[in-house]
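J.: missing the sequence, but the structure's below:
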């Protein structure tokens, strides 16, 4: 999450205290595709990898708040919109995300029989975000996914440490962030805490993978406040070993009291090939993780008392020990899927995009997962692959106690070992995903959007409200464009930006100058329909309806939910078949927001 500029100098100091250390690992990205031909073949290849959909129910947002001691600083919408690019994404892209995902899966399920999801399914970590995306995945049961947890699936907007005040030894500080979470997600089913997301993963695995977790857990199911391990297997030859713990309550410390460790193994039922192993790391294993990427007590003391935002990744000694107790021969085909790159201080990578506290844990992790291909996401950059090297001179035997604060890093060290590494792009920002054909990894782009060019949300210094109004008007125009071509492509010159600007000029003052109630009253019939059901519960994952989208909204925000409902109406009125609606979603997502480039190093 990008930190807005009003506190830039202070935050730069904090970053220096908390996140600046020498590199211990080096990534060497390849300039040409890397072939694994001749090493091994897996019966589960080919498979695809999708990550960082970061879906938010359209028109959801909030004003950004910082906590300085006991004083709260609220950044007005114009600042939080313009200065925090990953804080604000336009509603058009979110509108297209589940449709685009459904389109990708529809054309993929005839080719692939396995998918990997690299984390950050949700955006603000609200329950309805994940529920909507899981409905899309469940609509394609022939293409089962291994799900990894991202920071946006476990904490408010992937950045707020709602338990940080206890770390700062001042329990009256930073309580605002959990209240903010409940406020943002109130209309969307409430906060999606980490244990809540884990429960949705288990529900998905039960329904799609056909795993019998009740038998593995002695018929008790997942119990809050209790750690449990088990092994389940399905008729297709897949085995899942898991270790799980849910917090006793889904409160402000839930992300620090919950974890999910996963290892999938596919056994060739014909007995002709060796097993293939997929280890899914929990890099949101925050149990022993200080706030703000702190690596020293000084940084923890200063940073945690100033601003509680910016989690970074984490693994625990318990997770690494769990893997060490399940050793694999280096010859076994093994993939390691994680959201954050599971190593600290990686050369060429923003430190807070890696996993902190892993000096010794990283060395142990690499030893426990010999020969593995590491697949990571989170950074919202284009697909790349290469190798990760660990220098020989800082290897040492680490006990089960605390790791030393620093390890020797001599630039003359020889490489102790290499592991293949794959960087997965973001579906929402890079408009692409990754496939593995058994020999090569490669990137696949979403469908092109013809000549559609959605307005980037940072082109003028307007408020969040003005931006949302503009997006609603443009979204309807985009849908009309695609409707004219049956949802497949856009005719030339379809968008009339002057007409869009004129409509915005008429509508924005009605909604953004403190006088939205008359406009809401004029849409009373729509409002009644939009509150008539639980909403967005259509049986097919790609299709959402306008019914129920205003359930739970406070009166001051009802104009937003009405805009959302009217946008869904515009899609329904196209009368396109579901497959064409899905392709329309890809085009919307591609058109609404520019691709993110490699050089973009913003936090996610």
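T.: Perfect, thanks for sending it. Computed from a predicted model, the values in this text were never measured in an experiment. Residues are numbered from 1 along each chain as shown.
J.: drop to CA atoms for contacts and neighbour counts, all remaining ones
T.: Noted.
J.: The residue nearest the centre of the chain: what's it in contact with?
T.: For the chain, residue 120 is the residue whose C-alpha lies nearest the centre (CA atoms, centre = their mean; 1.1 Å). Counting by CA atoms under 8 Å, 6 or more residues apart in numbering, residue 120 makes contact with 51-54, 149-153, 339, 378.
J.: how far away is it from residue 56?
T.: 11 Å (CA to CA, to the nearest Å).
J.: what do you get for residue 548?
T.: Counting by CA to CA, the gap from residue 548 to residue 56 is 16 Å.
J.: quick one, which of the two is more surrounded?
T.: Using other CA atoms under 10 Å, the more surrounded residue of residue 548 and residue 56 is residue 56, with 28 against 20.
J.: What are the neighbouring residues in contact with the residue nearest to the more buried one when sequence neighbours are not counted?
T.: In this structure, residue 56 finds its nearest non-sequential neighbour in residue 123, 5.2 Å apart by CA to CA, 6 or more residues apart in numbering. Residue 123 makes contact with 53-56, 129, 152-153, 157-158, according to CA under 8 Å, 6+ apart.
J.: 7 Å instead, please
T.: Taking CA atoms under 7 Å, 6 or more residues apart in numbering, we find residue 123 in contact with 54-56, 152, 157.
J.: can you check residue 559 too?
T.: By CA under 7 Å, 6+ apart, the residues touching residue 559 are 516, 520.
J.: how close does it get to residue 93?
T.: Using CA to CA, one gets 19 Å for the distance from residue 559 to residue 93.
J.: Likewise for residue 531?
T.: Distance check for residue 531 against residue 93: by CA to CA, it reads 24 Å.
J.: Same question for residue 151.
T.: 20 Å.
J.: Then residue 521?
T.: To residue 93, residue 521 is 28 Å away according to CA to CA.
J.: More neighbours: which of these two?
T.: When neighbours are counted by other CA under 10 Å, residue 521 and residue 93 differ, and residue 93 comes out ahead with 27 against 12.
J.: Which residue comes closest to the more buried one once chain neighbours are left out?
T.: Leaving out its chain neighbours, the residue that sits closest to residue 93 by CA to CA, 6+ apart is residue 589, at 4.7 Å.
J.: Can you report phi and psi for the one you found?
T.: phi -60, psi -40 (degrees, to the nearest 10).
J.: Run a quick neighbour tally on it.
T.: Neighbours of residue 589 using other CA under 10 Å come to 30.
J.: can you list the contacts of residue 120 in JSON lines and add neighbour count and distance to residue 193?
T.: JSON lines is the format used below for those (neighbours: other CA atoms under 10 Å; distance: CA to CA, whole Å):
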{"residue": "51", "neighbour count": "27", "distance to residue 193": "19"}
{"residue": "52", "neighbour count": "28", "distance to residue 193": "18"}
{"residue": "53", "neighbour count": "25", "distance to residue 193": "18"}
{"residue": "54", "neighbour count": "28", "distance to residue 193": "15"}
{"residue": "149", "neighbour count": "27", "distance to residue 193": "11"}
{"residue": "150", "neighbour count": "29", "distance to residue 193": "12"}
{"residue": "151", "neighbour count": "31", "distance to residue 193": "11"}
{"residue": "152", "neighbour count": "28", "distance to residue 193": "10"}
{"residue": "153", "neighbour count": "31", "distance to residue 193": "7"}
{"residue": "339", "neighbour count": "30", "distance to residue 193": "17"}
{"residue": "378", "neighbour count": "26", "distance to residue 193": "19"}
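J.: Just put these in TSV and tack on distance to residue 244, pLDDT and secondary structure.
T.: Output for the contacts of residue 120, formatted as TSV (distance: CA to CA, whole Å; pLDDT from 0 to 100; DSSP: H, G, I helix; E, B strand; the rest coil):
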residue	distance to residue 244	pLDDT	secondary structure
51	22	97	coil
52	23	95	coil
53	25	95	coil
54	24	94	coil
149	13	97	coil
150	16	95	coil
151	17	92	helix
152	19	94	helix
153	16	95	helix
339	18	95	coil
378	23	92	coil
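J.: Go through those and say which is closest to residue 254.
T.: residue 153 (12.1 Å; CA to CA).
J.: Compute the number of surrounding residues for the residue lying closest to residue 588 once chain neighbours are set aside.
T.: Distances taken as CA to CA, 6+ apart put residue 96 closest to residue 588, at 5.5 Å, once the chain neighbours are dropped. Neighbour count of residue 96, defined by other CA under 10 Å: 27.
J.: In the stretch 101-250 of the chain, what residue spans correspond to strands?
T.: Counting by DSSP state E, counting those that start in this stretch, the stretch 101-250 of the chain has strands at residues 115-117, 145-147, 227-233, 238-245.
J.: and of these, who's closest to residue 508?
T.: Closest among these, using CA to CA: strand 115-117, at 38.5 Å.
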